[in-house]
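# predicted model follows, preceded by the sequence.
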Amino acid sequence: MGPLRIPDGIWADLVDDARWAPSPHNLQSWLVRVRGPTDAELLYDPARALPQTDPLGRFVTVGLGVFVESLALAAASRGLALAVTYEGARIDAGARRPAPFAGLSLAPADVGEPLPVSLLRERRTSRLPYDGRAVPERVLEELRTLARSGGHELRWSSDRTLVNEILALNEETLFFDMTDATARREVGRWLRFSAAEAAQRGDGFSPAALGFPGPLLNLFFRAHRLAELPGVRDAVHGLYRRTMRGTPTIAWLQGPFEQPEDWLATGRLLQRLWLTLTKHGVRLHPFGSIVTNADANACAHELLDLRPAPEAGTFWLAARLGYGAEPPRSHRLETEQLLVP
């Protein structure tokens, strides 16, 4: 094999593809510093961390893993393999400036990539109603095989009673968590209350992405006492409940999730699972509150008959799966904003 030829601007091209990766609250905590034609450094932006609701940086690290896997897929589409050097760096939300997280390097690829790079832009989070069609068992089995290749166990159910119980648990927990003023302030930082604001900022959740009118979001996060009035509260819950209609299947994952290395690897696996669903036209909507709220987590363990950790691994994801209309795309930061000197 001859010397590796790297096109000029390859890292900008890779970041331009990978920037469509999902992240908690659409934080986009990643930055890339190019060190040379084949080498770069992945950094995290502490201003885009969640010190109150994710104090260990677990899910921000998962997001970085999703971004890394997206870079790897973008590299593979160009005949390159991405190597990642990670030495256990942790997210420090108190850092004053972007901090190094992992090393990145490119080399000739010696294996093919089954997932096309176009999936990076096609993938969406769907908070819209689904149409009730069941997800085929062959697709779910493909996901289970993929999860097991990373040491995780994927399970699912289309039992109507269980699906409804998990949907109700998610709704109850999501709104309960938002009664906490600290959590509401931190999450509220990443809410955009109009389409224009979302487009201008390039991050966070837009009203369209959440399926909620901007004025109602503004009321809920900035005048929460008014949002808790019985009539308003019922309207908000009713609107949210309508977005859950037609959900045929819930799925959940357990696996290694104790150390930063696990969180990074979990993010890489999550992106491959999500892109595989996208390949089959299946929508995914993760339920984060069920995992992060201790009481809801315990309830989910009982409802889903989860095996106890550590032997079965940590319960780290619950999601609804199904088919439906194409959801709106959340905005992203521009490539130039993610490349730092």
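On my side now, so go ahead.
# what packs against the lowest-mean-pLDDT helix or strand in the chain?
In the chain, the helix or strand scored least confidently by mean pLDDT, DSSP states H and E is helix 224-227, which has a mean of 78. Helices and strands touching helix 224-227, by 3 or more C-beta pairs under 8 Å, 6 or more residues apart in numbering; DSSP states H and E, are helix 214-222, helix 230-243. From N, CA and C alone the C-beta is placed, and that goes for glycine too.
# and the contacts of it?
The contact list for helix 224-227, computed with C-beta atoms under 8 Å, 6 or more residues apart in numbering, reads 178-179, 181, 184, 219-220, 232-233, 236.
# go again with 7 Å.
The contact list for helix 224-227 (C-beta atoms under 7 Å, 6 or more residues apart in numbering) reads 184, 219-220, 232-233, 236.
# most packed of the helices and strands packed on helix 224-227?
Across the helices and strands packed on helix 224-227, averaging neighbours per residue (mean count of other C-beta atoms under 10 Å) puts helix 214-222 on top, at a mean of 17.
# how far away from the center of its chain is that one?
Mean-position distance between helix 214-222 and its chain equals 23 Å (C-alpha atoms, centre = their mean, to the nearest Å).
# packing partners of it?
Helix 214-222 sits against helix 207-210, helix 224-227, with contacts defined as 3 or more C-beta pairs under 7 Å, 6 or more residues apart in numbering; DSSP states H and E.
# now with 6 Å?
helix 224-227 (3 or more C-beta pairs under 6 Å, 6 or more residues apart in numbering; DSSP states H and E).
# quick revisit: need the helices and strands packed on helix 224-227 in CSV with mean pLDDT and distance to residue 34, can you?
Listed next are those as CSV, based on pLDDT from 0 to 100; distance: least, C-beta to C-beta, whole Å:
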stretch, mean pLDDT, distance to residue 34
helix 214-222, 85, 38
helix 230-243, 88, 41
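# ok, which of these comes nearest residue 145?
Between residue 145 and those, the shortest separation by C-beta to C-beta is 30.6 Å, and it involves helix 230-243.
# can I get the CA coordinates of that closest one in CSV?
Extracted C-alpha coordinates of helix 230-243, given in CSV (Å, rounded to 0.1, in the frame of the first residue of the first chain):
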residue,chain,number,x,y,z
PRO,A,230,-55.2,23.4,36.6
GLY,A,231,-56.5,24.4,33.2
VAL,A,232,-53.1,25.3,31.8
ARG,A,233,-51.5,22.2,33.3
ASP,A,234,-54.2,19.9,31.8
ALA,A,235,-53.7,21.6,28.4
VAL,A,236,-49.9,21.1,28.5
HIS,A,237,-50.2,17.5,29.5
GLY,A,238,-52.9,16.8,26.9
LEU,A,239,-50.7,18.4,24.2
TYR,A,240,-47.7,16.2,25.2
ARG,A,241,-49.9,13.1,25.4
ARG,A,242,-51.1,13.6,21.8
THR,A,243,-47.4,13.5,20.6
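# now it: how far from the chain's centre is it?
Chain-centre distance of helix 230-243: 25 Å, with C-alpha atoms, centre = their mean.
# what packs against the following helix or strand past it?
Downstream of helix 230-243, the next assigned helix or strand under DSSP states H and E is strand 249-255. In terms of contacts (3+ C-beta pairs under 6 Å, 6+ apart), strand 249-255 is packed against strand 153-157, strand 314-322.
# packing partners of whichever helix or strand comes after strand 249-255?
As assigned by DSSP H and E, the chain's next helix or strand after strand 249-255 is helix 260-279. Helix 260-279 sits against helix 58-76, helix 119-122, with contacts defined as 3+ C-beta pairs under 6 Å, 6+ apart.
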